[in-house]
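# model this:
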Amino acid sequence: MSRRWLYLCFPILLGILFIPRAQASTDRVSFMHDIDISDTDEADDAVCFLCSIRVNGKVNGDAVAFLGGIHVNGEINGDAVSFLGDVAMGDQSRIGGDCVVFGGPLRRTGNATVNGDTVNFPFIIIMLPFIFVALLIYGVIALFRRRRYAAYPMPPPTMRR
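The predicted structure follows:
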């Protein structure tokens, strides 16, 4: 009898854990669809994978874009992080926290302000370890090929009549 109760209570427990909460969250999370926050909109956080974030309104938290850019014409109160994308700040735009850009440019126009630190890692710095490993592998392969083919002399040239 106790196993039946266990089998009955387990799906009920899972249902209780995954029921959406009653609070209204204004987080914007997207995958392969651009996030557009218009002049009258507000969002707590904006996270985007393989897409871009356009902020014309206000983001109360952070804005993070992976393999996409962040275009700010409004206000971001938290941090702005772009991985393999750009951050473009329009006139009178503001980022309240830090601005971190991995592998892309940071463009500011007019009176754009960043209250925190600005960190910009160029794409070549991100690629240097991969280039080093590729050159190391190429060198090892070339060394083994040279040793393997060194034992075979060149064939004599063929005579034409």
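
# Distance check, G104 against G97.
Using Cβ to Cβ, to the nearest Å, we find G104 at a distance of 18 Å from G97. Bear in mind the C-beta positions are built from the backbone N, C-alpha and C, glycine included.

# Of these two, give the one with the bigger neighbour count.
Set side by side, G104 and G97 show unequal neighbour counts under other Cβ atoms under 10 Å, the larger going to G104 at 21 against 18.

# Leaving out chain neighbours, which residue sits closest to the more buried one?
By the measure of Cβ to Cβ, 6 or more residues apart in numbering, the closest residue to G104 outside its immediate chain neighbours is D86, 4.0 Å from it.

# show me what contacts that neighbour?
Contacts here follow Cβ atoms under 8 Å, 6 or more residues apart in numbering; on that basis D86 touches 69-70, 101, 104-107.

# List buried members of the residues you listed by neighbour count.
Applying a neighbour-count criterion of 16 or more other Cβ atoms under 10 Å, the buried members of these are 69-70, 101, 104, 106.

# from those, which ones fall inside helices?
With helices taken from DSSP state H, there is no overlap with those.

# any idea how far the residue nearest to G96 when sequence neighbours are not counted lies from G139?
Residue nearest to G96 in three dimensions, not counting chain neighbours: N77, with 4.2 Å by Cβ to Cβ, 6+ apart. Applying Cβ to Cβ, the value for N77 to G139 is 50 Å.

# hmm, back to that, doesn't D98 make contact with the residue nearest to G96?
No - taking Cβ atoms under 8 Å as the contact criterion, N77 and D98 are not neighbours in contact, 11.9 Å apart.

# What residues does the residue most central in space within the chain make contact with?
Taking Cα atoms, centre = their mean as the criterion, F66 is the residue nearest the geometric centre of the chain, at 2.0 Å. Going by Cβ under 8 Å, 6+ apart, F66 touches 48-50, 83-85.

# ok, now A63?
Going by Cβ under 8 Å, 6+ apart, the list of residues near A63 reads 45-47, 53, 55, 70, 72, 76, 78-81.

# Okay, and P11 sits in which element?
For P11, the element it lies in under DSSP states H and E is helix 2-18.

# contacts for stretch 118-130?
Residues external to stretch 118-130 that are found in contact with it (Cβ under 8 Å, 6+ apart): 84, 98-106.
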